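**Q** make a model of this:
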Amino acid sequence: MKPIDSSTLALLDLRCPRCHQGKLFSYPAYKLTKYAVMPERCAVCEVAYEPEPGFYWGAMFVSYAFSVACFALGGVATYYLFNDPAVWVYVLMVTGFVLVTAPITLRYSRAIMLYLFGFIPYDPKYNDGRPLDSGPQPSPRKSPLKAVA
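**A** Numbers count the residues shown, from 1 in each chain. Prediction:
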């Protein structure tokens, strides 16, 4: 995959904040039973996606802001599309809109929380295409000792 240089574009694509390549979520958003499952670490750069226990509790506040925006947008759209209908139509339309957008709301609230408060800076060295240095490697030559089975 081609690396994304912009942190904003990487956030919108739900990619790792350090390498901008690894996916933040394990399954697509339409898998309603698994849309919130995140891997423990990035598959590319091995950064932990949960910097501390309970880190994503703060994402509830971001999710609340998204939900308020969905309520407002759903209410205004209902007003203009249905020419100021009865209250029960507003309740059904807004509730349906919020339920449909819930998986995306949760994903982006977690991503925003990780990008803004995870303190994981972007590091372009993970985008050069070479495998990461994992320390000293054993020499490829064979040992003079014979293996005993």
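**Q** R110: what's it in contact with?
**A** L24, A36, M38, Y56, A59 (Cβ atoms under 8 Å, 6 or more residues apart in numbering). For glycine as for every other residue, the C-beta is placed from the backbone atoms N, C-alpha and C.
**Q** ok, the third one touching S26?
**A** Yes - under the criterion of Cβ atoms under 8 Å, M38 makes contact with S26 at 6.5 Å.
**Q** and those two? which has more neighbours close in?
**A** The residue with more neighbours, out of M38 and S26, is M38; 18 against 13, by other Cβ atoms under 10 Å.
**Q** does the more buried one count as helix, strand or coil?
**A** Secondary structure assignment for M38 (DSSP: H, G, I helix; E, B strand; the rest coil): coil.
**Q** for it, what are its contacts?
**A** Contact analysis of M38 by Cβ under 8 Å, 6+ apart lists L24, F25, S26, Y49, E50, R110.
**Q** ok, so of these, who is nearest S7?
**A** When the contacts of M38 are compared for distance to S7 (Cβ to Cβ), L24 wins out at 13.2 Å.
**Q** leaving aside the residues next to it on the chain, what's closest to the closest one?
**A** In space, and not counting its chain neighbours, L24 is closest to L14: 4.6 Å by Cβ to Cβ, 6 or more residues apart in numbering.
**Q** that neighbour reaches F25, doesn't it?
**A** Yes - shown here, L14 and F25 form a contact pair, counting by Cβ under 8 Å, at 6.2 Å.
**Q** of the contacts of M38, closest to F71?
**A** Of the contacts of M38, the one sitting nearest to F71 (Cβ to Cβ) turns out to be R110, at 20.4 Å.
**Q** that closest one: helix or strand, and which one exactly?
**A** Assigned by DSSP states H and E, R110 belongs to helix 87-117.
**Q** buried residues in that helix?
**A** Across helix 87-117, burial judged by 16 or more other Cβ atoms under 10 Å covers 90, 93-94, 97-98, 101-103, 105-115.
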